[in-house]
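Engineer: pasting the structure only:
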């Protein structure tokens, strides 16, 4: 998952500052999730790390919905790219499904009290979240490629 993140950042990095920052957020989120999953079993000592992952997860997901996707839609409209707008409409429901799962993960582990009670569920929850987020990253990469990269070529 981390390698595909680096690849996406190399492909689109520098194209747009907002996308650069977002892809950097993605990389940090992946790194923290990988480090957390490596632990295997969890004790209350890991609670601050779990809370940090929850915060980064929600920040990343929110940036997608409230900044990036809107910016990509505006760009497509500016270029009168109906095909790109249609693609956005096709991909958003699948992305929104992953958002629901990310928010559910956050709601489950977003406080010390929740973490302390649910630590035994964390390994499976992290595994599930990892699969879902990998799917989301692939969908988002399609959005960037089809909505942003195409327009970048037209403006060059």
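Structural biologist: That came in fine, so what should we check first? Everything numeric in this text was worked out from a predicted model, so none of it was measured.
Engineer: just the buried positions in the helix or strand harbouring residue 76, please.
Structural biologist: In this structure, residue 76 sits in helix 69-78 according to DSSP states H and E. Within helix 69-78, the residues that count as buried by 16 or more other C-beta atoms under 10 Å are 69, 71-73, 75-76. In this view, the C-beta of every residue, glycine as well, is placed from N, C-alpha and C.
Engineer: out of the residues you listed, which one sits closest to residue 91?
Structural biologist: residue 69 (9.1 Å; C-beta to C-beta).
Engineer: give the contact list for that closest one.
Structural biologist: Counting by C-beta atoms under 8 Å, 6 or more residues apart in numbering, residue 69 touches 88, 92, 95, 143.
Engineer: hmm, try it at 10 Å
Structural biologist: 63, 88, 91-92, 95, 140, 143, 147 (C-beta atoms under 10 Å, 6 or more residues apart in numbering).
Engineer: and what of residue 128?
Structural biologist: 101, 104-105.
Engineer: okay, the angle between the helix or strand hosting residue 83 and helix 69-78?
Structural biologist: Element membership for residue 83 (DSSP H and E) is helix 82-109. Counting by axes from the mean of the first three to the mean of the last three C-alpha atoms, to 10 degrees, helix 82-109 lies at 170 degrees to helix 69-78.
Engineer: so which bits of helix 82-109 are buried?
Structural biologist: Going by neighbour count (16+ other C-beta under 10 Å), the buried part of helix 82-109 is 84-85, 87-88, 91-92, 95, 98-99, 101-102, 105-106, 108-109.
Engineer: any idea how far that helix is from the middle of the chain?
Structural biologist: How far helix 82-109 lies from its chain's middle: 10 Å, per C-alpha atoms, centre = their mean, to the nearest Å.
Engineer: and it, what does it pack onto?
Structural biologist: The contact analysis (3 or more C-beta pairs under 10 Å, 6 or more residues apart in numbering; DSSP states H and E) places helix 82-109 against helix 47-63, helix 69-78, helix 112-118, helix 122-143, helix 150-155.
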